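**Q** The sequence isn't on hand, but the structure is:
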């Protein structure tokens, strides 16, 4: 069964090119060339991935992205923005509100195909729910709980935590984390990682100044450590 991709793009020539190229790669492509009715269209088609233009004639792609992330039936679907807006602030906003990737026009078709396949590899590997030290991350529902209580995470915080939790014990450099979470075409600095790690620690660690899960490895980067049973019990009492 081919993966279904939903394309929301008003440029007729680009729409036709994407349809031809992606179907040639073995994907099933469905799409509309207007933002109006986009949410109903996506609910009807139930795609495996969404390609979304930001500057649509009758809607803002950012608003569509927010609506997708807020809908329980669509929240888990990867979104890749295709847009001519390439400023750093635009990229950051797009990723912050829930996009999985952000590609600036014009782009190479082979790069787009590679990034789509990367999203599908993330979908197809690993268990749905990750658990460690009272922390529970549901990949499909895009939710995180700590000792049963829901946590409010931004989309970027969620992706960073999911990446580290799914690879416990492995030390990643800041550059590697930026590539994994923000993508190779990132427009943010390595210090951005420090900011997001600090925010996550404040939300998931019993003592953010002395973290037991999101740990720094001096001179290398960050790693996720599964707490021991004794530290888990202590954290539970402090929560």
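**A** Perfect, thanks for sending it. All of these numbers come straight from a predicted model, not from anything done at the bench. Numbering: from 1, shown residues only.
**Q** Residue 226: how many residues sit nearby?
**A** The local packing of residue 226 (other Cβ atoms under 10 Å) involves 15 other residues. Any C-beta I mention is one placed from the backbone N, CA and C, and that applies to glycine too.
**Q** looking at it, it is touching residue 168, isn't it?
**A** Yes. Contact status for residue 226 versus residue 168: in contact at 5.2 Å, counting by Cβ atoms under 8 Å.
**Q** Next, show the common contact partners of those two.
**A** Contact criterion Cβ atoms under 8 Å, 6 or more residues apart in numbering; residues shared by residue 226 and residue 168: residue 132.
**Q** how close does the residue nearest to residue 194 when sequence neighbours are not counted get to residue 216?
**A** Nearest non-adjacent residue to residue 194, counting by Cβ to Cβ, 6 or more residues apart in numbering: residue 174, 7.5 Å away. Distance of residue 174 to residue 216, computed by Cβ to Cβ, to the nearest Å: 11 Å.
**Q** Which one's more surrounded, the two?
**A** Using other Cβ under 10 Å, the more surrounded residue of residue 174 and residue 216 is residue 174, with 17 against 14.
**Q** For that one, give me its contacts.
**A** If a contact means Cβ under 8 Å, 6+ apart, then residue 174 has 190-191, 193-194, 221-222 as its contacts.
**Q** Now do residue 65 against residue 219, distance only.
**A** 37 Å.
**Q** of these two, who's got more company?
**A** Between residue 65 and residue 219, residue 65 has the larger neighbour count (other Cβ under 10 Å), namely 22 against 7.
**Q** helix, strand or coil for that one?
**A** helix (DSSP: H, G, I helix; E, B strand; the rest coil).
**Q** same question, residue 180
**A** Secondary structure, three-state DSSP: residue 180 is helix.
**Q** That one contacts residue 163, doesn't it?
**A** Yes. Counting by Cβ under 8 Å, residue 180 does reach residue 163; the two are 5.1 Å apart.
**Q** Can you give the domain ranges for the chain?
**A** Domain assignment of the chain by automatic domain parsing yields the ranges 4-124, 129-238.
**Q** Make JSON lines from the ones you listed and add mean pLDDT to it.
**A** Output for the domains of the chain, formatted as JSON lines (pLDDT from 0 to 100):
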{"stretch": "domain 4-124", "mean pLDDT": "89"}
{"stretch": "domain 129-238", "mean pLDDT": "84"}
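**Q** can you map out the helices along the protein?
**A** For the chain, applying DSSP state H gives helices covering 12-24, 38-45, 61-70, 88-96, 109-124, 155-165, 174-181, 191-204, 229-238.
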